[in-house]
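Engineer: sharing a model prediction with you, sequence too.
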Amino acid sequence: MMEIIARQREYLAGQIGNGVTGNLASFKANGASTEKGVGLLRGPDGQLPQQLRNIEPRLIEQISNEIIDSNTNVHWDDIAGLHHAKKCVNEMVIWPLLRPDIFKGCRSQGRGLLLFGPPGTGKTMIGKAIAGESKATFFYISASSVTSMWVGEGEKLVRALFGVARCHQPAVIFVDEIDSLLSKRNHIMSMSQPGELRHRATNRPQDLDEAARRRLTKRFYITLPSAEARAWIIRTLLNKDGLFKLSKKDIDTICKLTDGYSGSDMTNLVKDASMGPIREVLKQGGEITNLKMEDMRSVTLKDFKDALKEVRPSVSWNELRIYEEWNNQFGSLS
Ligand code: ADP
């Protein structure tokens, strides 16, 4: 069984470049080596499975190296908020992956899942959690790799991807920036055989054409984190490093000041605030090489207030309005 999740491209051009390069680079580091990647697909006779025999080995190698992420390691508990989306994704994707014997006939699930919403809100995390929770192989493909990195080879690459994924079942295929594959401008994805494409996701839902919308039967709006989810991110990240000493009142104040921050903005904010105690020691003439952990004070509300001047929200109210309007018209969650 194979699931496909996709999401749309980021609004900022800078984020497209950075995100894709970063992701592909880290996947390379995590993934198996070329020989191992292709080697794993060979049978005892040293032959590739039938469905891969007419695919160029070079493409299989590229997929094995750059698209398979063998170390997703994300679970539902790592994702703040989004309770309803998690519940629905569980029912629609994870349970059927874990128990294909039960989820057939009337219980077989819709063929398309779209995750849409502003950048940095957890769409990729959900894709990885699906793979992590269902013990499936996670394939990450970014539309910009199909349309630019493999110029002119998009269709071949998509076919090869499906072939390799079929050999790694259960598999989750996460298509990033799906809008550029399924928009009015481009239809590479429709080259895959009908029935294979099960779930996809996106950041510019308004670019999806009507046919694509019809295939993505469930469309979940992945929203900016609520105040409660923002508090959860602060507490969880600081706790991980044993730095959490803030009072409930402090947290409430930070949450009030971070209305409109994405999950990714919150992560950056916590990182910046946690530098506060170090910056202070250095400002007082201390040296980084002599700094003792036990001498460092904990992170305070003031550190957060300072960090708020550096880390600004990345999503504009205008962008949000577009997602909300699209959600009202086509989204699955109320
Ligand atoms: P996108 O929606 O653009 O796919 P990601 O899932 O890649 O966003 O999130 C980017 C980073 O922001 C994550 O690695 C994580 O550190 C943080 N983040 C975003 N949303 C959440 C969330 N709901 N809970 C916890 N961390 C989050």
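Structural biologist: On my side now, so go ahead.
Engineer: going by C-alpha atoms from here, please, whenever you check contacts or count neighbours.
Structural biologist: OK.
Engineer: which stretches in the stretch 51-200 of the chain count as strands?
Structural biologist: 68-69, 113-116, 137-142, 171-176 (DSSP state E, counting those that start in this stretch).
Engineer: would you mind measuring from the nearest residue to E287 once chain neighbours are set aside to the ligand?
Structural biologist: Nearest non-adjacent residue to E287, counting by CA to CA, 6 or more residues apart in numbering: V281, 7.8 Å away. Taking CA to the nearest ligand atom, to the nearest Å as the measure, V281 falls 27 Å from the ligand.
Engineer: what's the burial count for V281?
Structural biologist: Other residues near V281 come to 16 when the count uses other CA atoms under 10 Å.
Engineer: check L282 too.
Structural biologist: 12.
Engineer: contacting residues for A131?
Structural biologist: Residues near A131 by CA atoms under 8 Å, 6 or more residues apart in numbering: 72, 137-138, 171-172.
Engineer: looking at the residues you listed, which two lie furthest apart in space?
Structural biologist: Farthest apart among the contacts of A131 by CA to CA are T72 and A171. That separation is 12.5 Å.
Engineer: what residues are shared contacts of the two?
Structural biologist: Both T72 and A171 are contacted by 131, 138, under the criterion CA under 8 Å, 6+ apart.
Engineer: more crowded one of these two?
Structural biologist: Neighbours per residue, other CA under 10 Å: of T72 and A171, the larger number sits with A171, 25 against 22.
Engineer: okay, now the unreliable bits of this structure?
Structural biologist: Applying pLDDT under 70 to the chain picks out residues 1-41, 70-72, 110-112, 144-154, 179-199, 201-203, 207, 212, 215, 333-334.
Engineer: tell me which parts of the stretch 201-334 of the chain are close to the ligand?
Structural biologist: By CA under 6 Å from any ligand atom, the residues of the stretch 201-334 of the chain that approach the ligand are 233, 263-264, 267.
Engineer: got the strands of the stretch 51-200 of the chain as TSV, with distance to L161 columns?
Structural biologist: TSV is the format used below for these (distance: least, CA to CA, whole Å):
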stretch	distance to L161
strand 68-69	10
strand 113-116	19
strand 137-142	8
strand 171-176	9
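Engineer: how about TSV for these, with distance to the ligand added?
Structural biologist: Compiled in TSV, those are given as follows (distance: least, CA to the nearest ligand atom, whole Å):
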stretch	distance to the ligand
strand 68-69	14
strand 113-116	8
strand 137-142	11
strand 171-176	8
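Engineer: so which of those strands gets nearest Q329?
Structural biologist: When these are compared (using CA to CA), the closest one is strand 113-116, at 13.3 Å.
Engineer: now that closest one, how far from the chain's geometric center?
Structural biologist: Put simply, strand 113-116 sits 11 Å off its chain's centre (CA atoms, centre = their mean, to the nearest Å).
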